[in-house]
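> would you be able to build a 3D model of this:
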Amino acid sequence: MRSEYGKIFQNIQTREIECFSYDPQQNYYDIVQDAVNRGYQQSIFTSSVMISLIEYFLLKHNALVTDIEFLVEDTALDHEINLLLEKMKGNGAYWEILKEKLFFLSQYDSIDIKKVKITGRDGMGFLLSLQVNGIFIVSENAYEAVSDEIGKIVRRVIA
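The predicted structure follows:
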């Protein structure tokens with residue numbers, strides 16, 4: 001399954017969020033510089049945005065969260081989160097416990113989410129990876145729909 005890369009930007013004048021497709025073989029700095037020259041600024045996926053995106057894809061696409069990485073290395077934390085992810089496979093209600101933990105970590109411990117991997121299980125299915133720097137990687141067959149959904153969720157969270 002081929003993947004397509006995207007990056008979120010915000011229009012400086014209109015404040016609208018847009019997802020730009022790009023080739024990862026290109027120089028990342030050049031992509032950002034081109035967007036800046038066209039009146040955009042980079043956006044990132046804060047932990048609150050990541051949590052909103054996870055929840056959206058869980059509910060809308062019957063998705064499965066397969067991995068969550070943090071900006072800090074903490075083996076005990078990784079183990080705890082992986083146990084919750086495993087439990088979520090059999091019982092989606094564990095999302096509420098995981099969501100509470102993620103909010104707590106970002107608000108009180110300043111531990112932010114670095115990367116999330118999601119598998120969409122409806123329709124043709126898709127793989128999605130969200131990175132803190134606002135880059136997302138999604139299966140080519142779902143790029144248009146998923147990038148549109150990402151833009152709408154980010155817009156709603158940061159508004």
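> low-scoring stretches of this protein, by residue?
Within the chain, no range satisfies pLDDT under 70.
> what segments of it are helices?
Assigned by DSSP state H, the helices in the chain fall at 28-37, 47-61, 75-90, 94-108, 143-158.
> for the ones you listed, which one ends up most surrounded?
helix 47-61 (a mean of 19; mean count of other C-beta atoms under 10 Å). All C-beta spots, glycine's among them, are computed from the backbone N, C-alpha and C.
> identify the residues contacting it?
Here helix 47-61 makes contact (C-beta atoms under 8 Å, 6 or more residues apart in numbering) with 45, 63, 65, 92, 95, 99, 102-103, 105-106, 112-113, 116, 118, 120-123, 126, 128, 130, 132, 149-150, 153-154, 156-158.
> coming back round to it: kindly reformat the helices of the chain as JSON lines containing distance to residue 3.
Formatted as JSON lines, the helices of the chain follow (distance: least, C-beta to C-beta, whole Å):
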{"stretch": "helix 28-37", "distance to residue 3": "16"}
{"stretch": "helix 47-61", "distance to residue 3": "16"}
{"stretch": "helix 75-90", "distance to residue 3": "21"}
{"stretch": "helix 94-108", "distance to residue 3": "25"}
{"stretch": "helix 143-158", "distance to residue 3": "8"}
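> what's the closest of those to residue 8?
Nearest of the helices of the chain to residue 8, taken as C-beta to C-beta: helix 143-158 at 5.9 Å.
> just checking, what packs against the closest one?
strand 3-11, strand 17-22, helix 47-61, strand 126-131, strand 135-139 (3 or more C-beta pairs under 8 Å, 6 or more residues apart in numbering; DSSP states H and E).
> any chance of these in a markdown table, plus distance to residue 84?
Listed next are the helices and strands packed on helix 143-158 as a markdown table, based on distance: least, C-beta to C-beta, whole Å:
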| stretch | distance to residue 84 |
| --- | --- |
| strand 3-11 | 26 |
| strand 17-22 | 29 |
| helix 47-61 | 12 |
| strand 126-131 | 18 |
| strand 135-139 | 23 |
